[in-house]
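K.L.:
Provide a 3D model corresponding to the input given below.
(one chain, ligands or ions: 2)
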Amino acid sequence: MAGTGVFSEILDGDVYRYYADREWKKSSSGKAVAIINPTTRKTQYKVQACTQEEVNKAMESAKAAQKSWAKTPLWKRAELLHKAAAILKEHKAPIAECLVKEIAKPAKDAVTEVVRSGDLVSYTAEEGVRVLGEGKFLVSDSFPGNERTKYCLTSKIPLGVILAIPPFNYPVNLAVSKIAPALIAGNSLVLKPPTQGAVSALHMVHCFHLAGFPKGLISCVTGKGSEIGDFLTMHPGVNCISFTGGDTGIAISKKAGMIPLQMELGGKDACIVLEDADLDLVASNIIKGGFSYSGQRCTAVKIVLVMESVADALVEKVKAKIAKLTVGPPEDDCDITPVVSESSANFIEGLVKDAKEKGATFCQDYKRDGNLIWPLLLDDVRPDMRIAWEEPFGPVLPVIRINSIEEGIHHCNASNFGLQGCVFTKDVNKAILISDAMETGTVQINSAPARGPDHFPFQGLKDSGIGSQGVTNSINMMTKIKSTVINLPTPSYTLGNGGHSKL
Ligand SMILES: NC(=O)C1=CN([C@@H]2O[C@H](COP(=O)(O)OP(=O)(O)OC[C@H]3O[C@@H](n4cnc5c(N)ncnc54)[C@H](OP(=O)(O)O)[C@@H]3O)[C@@H](O)[C@H]2O)C=CC1
Ligand SMILES: O=C(O)C(O)COP(=O)(O)O
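P.N.:
Ligands and ions are numbered 1, 2, ... in the order given. This is a model prediction of the structure:
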């Protein structure tokens, strides 16, 4: 159970402690932040509201700890990460329980998130040993005008202190996808978990604590982003920010100093359906892509752009599948569970009302009970409706009927987002042309958008992000290249087999 057994030390009365200097601490603020269970809409957990002084202290400790961590052999860093991964997987049940209670993730998906996170940490340890164990050797005579007098040795060095800020929808997985690359590369890390999801994240951090990472290397400071967010992101002790979330990321990137940024932000992933597509395959992927975790994924299918000639048939197939989705509490492992907050449900409802007023066809009746919104397919959506452009982050999916592929591509590219997209057709040549024309970080051919497998590059164009994630890219992003150049007084050429260089 959450907060019991090995996790009992992270709880103080009914408030979870924050983590710094290898200790679980109570904030001197004396204040707590409530975490509301999306299903019951009652306070489920409480976490510390950390102060600016506590953030300062965590930054100082992170800076000091990073220096000795960078001197720890790579294989030892990897060993500790493997240990943390095993502990995380061993404790998947209590962590999954937190995910169910804090963010209403369906029970089975909650377990999957923890297991996937353990796998990600192990994979990062293995990949780090390979990627960071190699550098480059360059010689000067390949550039015009140079003799072979300079040998350049490059290696990847850590950046320092990484600030990691994940969103509510994957508070464990999108935290470890930042923590593991940071640590394997020799950085230290300060984590600011999302408020909804903070307790799951604290349990995950305790698994790293149990693995034995040194004092100060990892800190987890809790509190509302609106209160401590700016102080964290503008802190002079931060050398890199890895953020996943919404428009907040755009504001952060304007305020942050001259440090590397990794931003994974929102998306309006389009699903373009051509006339020759396998409509059963499309319908299954629309269900998986549009409605899993109630549409609260940045990579969710957020708009279907289907050729008019097959639209009726596709809509019928999707309707039939929606009718089979189970709706209810995450504990019962329902397909559709309450969205994360009342304000999110209100926002979704606003998009639905706007579509209604402007004449969209409702394939189901709109139904809502508290934060629970029944899955809804909106047909005949037009570009003047908000839902054609805005991401609901909920179980509501618009369909726009198109008369040409160009129309579909135009709609996709007119979006301010550019995360992923997908195209369904049996004609692979057409699919490649469409993929090239879509202004998104990834295009999936004949499958719904998805971030995983976690070692694949993951990036957004336009307002969807800066940089690229995925295990290898994150390791590279959290390092910098350092060169050492050996300057020879005279050119030196190796002559190869049988040759003799006169010294
Ligand atoms: N591209 C991607 O991979 C993903 C994108 N998203 C996008 O994120 C949005 C929903 O997620 P949500 O968690 O609500 O996103 P938010 O941007 O609201 O929050 C993300 C994180 O930022 C923190 N935060 C809030 N304000 C600040 C601030 N001023 N400075 C620093 N940090 C701050 C939040 O903390 P707190 O919770 O305390 O407010 C949370 O940890 C959607 O738009 C979705 O598309 C979501 C997941 C993945
Ligand atoms: O945060 C998100 O929504 C993602 O990064 C999507 O991940 P997924 O495609 O694995 O759900």
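K.L.:
which stretches of the stretch 101-250 of the chain have low pLDDT?
P.N.:
Within the stretch 101-250 of the chain, no stretch has pLDDT under 70.
K.L.:
ligand 2 contacts on that one?
P.N.:
Contact residues (CB under 6 Å from any ligand atom) of the stretch 101-250 of the chain with ligand 2: Asn169, Tyr170, Leu174, Thr244. Heads up, the C-betas are built off the backbone N, CA and C, glycines and all.
K.L.:
so what's the second one up against?
P.N.:
If I follow you right, that is Tyr170. By CB atoms under 8 Å, 6 or more residues apart in numbering, Tyr170 lies in contact with Glu113, Thr244.
K.L.:
give the burial count for Thr490, as a bare number.
P.N.:
8 (other CB atoms under 10 Å).
K.L.:
apologies, that question was intended for Glu60.
P.N.:
Neighbour count for Glu60, taken as other CB under 10 Å: 15.
K.L.:
same question, Lys31
P.N.:
Neighbour number of Lys31 under other CB under 10 Å is 14.
K.L.:
before we move on, what about the one 5 residues further on?
P.N.:
By other CB under 10 Å, 18 other residues sit near Ile36.
K.L.:
was I right about it contacting Gln44?
P.N.:
Yes: when contacts are counted by CB atoms under 8 Å, Ile36 is listed as touching Gln44 (6.7 Å).
K.L.:
which element is the residue nearest the centre of the chain on?
P.N.:
Taking CA atoms, centre = their mean, the centroid of the chain lies closest to Leu174, which sits 4.5 Å from it. Element membership of Leu174, judged by DSSP states H and E, is helix 173-184.
K.L.:
now for that helix, which elements pack on it?
P.N.:
On a contact count with 3 or more CB pairs under 8 Å, 6 or more residues apart in numbering; DSSP states H and E, helix 173-184 meets helix 74-90, helix 107-132, strand 161-165, strand 188-191, helix 198-211, strand 240-244, helix 471-477.
K.L.:
hmm, try it at 7 Å
P.N.:
Contacts defined by 3 or more CB pairs under 7 Å, 6 or more residues apart in numbering; DSSP states H and E place helix 173-184 against helix 74-90, helix 107-132, strand 161-165, strand 188-191, helix 198-211, helix 471-477.
K.L.:
what about dumping the CA coordinates of it to CSV?
P.N.:
Extracted in CSV, the C-alpha atoms of helix 173-184 (Å, rounded to 0.1, in the frame of the first residue of the first chain):
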residue,chain,number,x,y,z
ASN,A,173,7.4,7.6,-16.6
LEU,A,174,8.0,11.2,-17.8
ALA,A,175,10.0,11.8,-14.6
VAL,A,176,12.4,8.8,-15.1
SER,A,177,12.7,9.7,-18.8
LYS,A,178,14.5,12.8,-17.5
ILE,A,179,16.1,11.4,-14.3
ALA,A,180,17.9,8.4,-15.9
PRO,A,181,19.6,10.2,-18.8
ALA,A,182,20.6,13.0,-16.5
LEU,A,183,22.2,10.7,-13.9
ILE,A,184,24.0,8.3,-16.4
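K.L.:
ok, Glu391 to Leu495 distance?
P.N.:
62 Å (CB to CB, to the nearest Å).
K.L.:
circling back to that earlier point, check contacts around the nearest residue to the residue nearest to the centre of the chain once chain neighbours are set aside.
P.N.:
Nearest non-adjacent residue to Leu174, counting by CB to CB, 6 or more residues apart in numbering: Pro166, 3.8 Å away. Listed by CB atoms under 7 Å, 6 or more residues apart in numbering, the contact set of Pro166 reads Leu174, Ala175, Lys178, Pro193, Pro194, Thr244.
K.L.:
max pairwise distance over the residues you listed: which two?
P.N.:
Lys178 and Pro194 (12.6 Å; CB to CB).
K.L.:
surely Ala20 is in contact with Thr222?
P.N.:
No: contact criterion CB atoms under 7 Å: Ala20 and Thr222 do not qualify, at 10.8 Å.
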